[in-house]
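> quick one, fold the following:
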Amino acid sequence: MRTRRLLLLLASAVLLSGCRSGVAPAEPRASLPASTQGSARLAKVVSREVVDERTDRLTIDSPAIGGVRSVWVMRPTAWKKGSSGWRALYMLHGCCAGGAWDWLKTGEVERMTADLDAVVIVPEGGPMGWYTDWHDGPAWETFHMTELPALIEPMYGVGGRRAVVGYSMGGFGAFGYAARHPGMFEAAASLSGVLDIRNDVEGFSAFLRSHGVDSEDVWGDPSGWAADNPADQVTRLKGVRLYVSSGNGDPGPLDARTGVARSDSEAGIMRQNETFAEAAEKAGLTITKDFYGDGTHTWPYWIRSFRHALPILLPRD
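Here you go, the predicted structure:
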């Protein structure tokens, strides 16, 4: 696997000319899991815990990660054992602290999705996993895009329709996965997502180092980052319904108290989102923009954006 990614990175380095117009699109990756593909046939569910009447917590032994990871699965209210043809909504979390449970701990996602015809799949992605097969490290993308669909979707009767959403680091993952796996997702949403890691390579690398991660362990030399960068891969998202949201970093109406400091991280992400949206519109993509002005890099804005994104992710047919 690492040999394949090294070849991809070397190819990208040759093709890059220092500007986006010269960037070659990433090589498409498999859009559907297969029992003979990668390590999917070796991954297994080692335990299943009933959290509540809708939610299970699965523990997955993942060869791609090299250990066990948790995945939460929420069934729609109308789900019954043996039923089939359900849509899937994959939900990707942000970086640094918390994890997948952050999506579920307030109960808001459960309430919003209860009457939708979708199985909600919320996997762990590591505090700094960045939703990719690392150049030197764990294969998060293989875990999420190959192992989990092969294991979980048949268990819960998922059909062929999927959507994906993520906030912050998870927004990077949502658009990156949709771009690199054409045909797998019909809709994708990024909520304050990191959509252009090449916007400030030095600053972004320093941010990763501050959390104990070497960016070259994740993506290799920066000359090859375009292959995983949503802003460079917009043409791979044609045919996918897109929703993108971000605030400008100034404290806004959903901040819980007065005197909240300006969020420089959200301001930088807003600039990345504008770059991505401009490229997407030039490419003729179907994109809904929600650049809502004042707002920090915090949960109240992400859950509000998730509510706005739901009709795009899971339209009522």
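> need the contact list for Ala188.
By Cβ atoms under 8 Å, 6 or more residues apart in numbering, the contact list for Ala188 reads 163-165, 174-175, 177-178, 237, 240-243, 313. For the C-beta atoms, the positions are set from N, CA and C on the backbone; glycine is no exception.
> restricted to strands, list those residues.
When the contacts of Ala188 are checked against strands (DSSP state E), the matches are Ala163, Val164, Val165, Arg241, Leu242, Tyr243.
> including distance to Gly137, neighbour count and pLDDT, could those residues go into CSV?
Converted to CSV, the ones in strands among the contacts of Ala188 look like this (distance: Cβ to Cβ, whole Å; neighbours: other Cβ atoms under 10 Å; pLDDT from 0 to 100):
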residue, distance to Gly137, neighbour count, pLDDT
Ala163, 28, 26, 98
Val164, 22, 30, 98
Val165, 25, 31, 98
Arg241, 32, 21, 98
Leu242, 29, 23, 98
Tyr243, 30, 25, 98
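> what's next to the helix or strand where His308 lies, contact-wise?
Using DSSP states H and E, His308 falls within helix 299-313. With contact meaning Cβ under 8 Å, 6+ apart, helix 299-313 is reached by 89, 102, 106, 108-109, 112-113, 116, 163, 165, 167-168, 187-189, 191-192, 241-243, 245, 247, 252, 254-256, 288, 290, 292, 295.
> go again with 7 Å.
Helix 299-313 has contacts (Cβ atoms under 7 Å, 6 or more residues apart in numbering) with 89, 108, 112, 163, 165, 167, 187, 189, 191-192, 241, 243, 245, 247, 254, 288, 290, 295.
> for it, buried residues please.
For helix 299-313, a neighbour-count test (16 or more other Cβ atoms under 10 Å) marks Trp299, Tyr301, Trp302, Ile303, Arg304, Ser305, Phe306, Ala309, Leu310, Ile312, Leu313 as buried.
> that older thread, nearest to Arg75, of the contacts of Ala188?
Set against Arg75, the nearest of those by Cβ to Cβ is Ala163 (16.2 Å).
> and the buried residues of helix 299-313, which two are furthest apart?
Trp299 and Ile312 (20.4 Å).
> and stretch 61-80, how far apart are its ends?
26 Å (Cα to Cα, to the nearest Å).
> how about that stretch: buried residues?
The neighbour-count check on stretch 61-80 (16+ other Cβ under 10 Å) flags 61-65, 69-76, 79 as buried.
> for the top helix by length along the chain, packing partners?
Of all segments of type helix in the chain, defined using DSSP state H, the longest is helix 264-282. If contacts are counted by 3 or more Cβ pairs under 7 Å, 6 or more residues apart in numbering; DSSP states H and E, helix 264-282 sits against strand 241-246, strand 287-291.
> try it again at 10 Å.
If contacts are counted by 3 or more Cβ pairs under 10 Å, 6 or more residues apart in numbering; DSSP states H and E, helix 264-282 sits against helix 169-180, strand 187-191, helix 201-210, strand 241-246, strand 287-291.
> show me what the first one is packed against.
Contact here means 3+ Cβ pairs under 10 Å, 6+ apart; on that basis helix 169-180 packs against strand 86-92, helix 140-142, strand 158-167, strand 187-191, strand 241-246, helix 264-282, helix 299-313.
> do the last one as well
Using 3+ Cβ pairs under 10 Å, 6+ apart as the contact test, the elements touching strand 287-291 are strand 187-191, strand 241-246, helix 264-282, helix 299-313.
> can you check the third one too?
The elements that helix 201-210 packs onto, with contact taken as 3+ Cβ pairs under 10 Å, 6+ apart, are helix 215-219, helix 264-282.
> at 8 Å what do you get?
If contacts are counted by 3 or more Cβ pairs under 8 Å, 6 or more residues apart in numbering; DSSP states H and E, helix 201-210 sits against helix 215-219.
> in the helix it packs on, which residues are buried?
By neighbour count with 16+ other Cβ under 10 Å, helix 215-219 contains the buried residues Ser215, Glu216, Val218, Trp219.
> adding pLDDT and distance to Gly159, write those out as a markdown table.
Shown next, in a markdown table, are the buried residues of helix 215-219 (pLDDT from 0 to 100; distance: Cβ to Cβ, whole Å):
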| residue | pLDDT | distance to Gly159 |
| --- | --- | --- |
| Ser215 | 97 | 38 |
| Glu216 | 96 | 40 |
| Val218 | 97 | 33 |
| Trp219 | 97 | 33 |
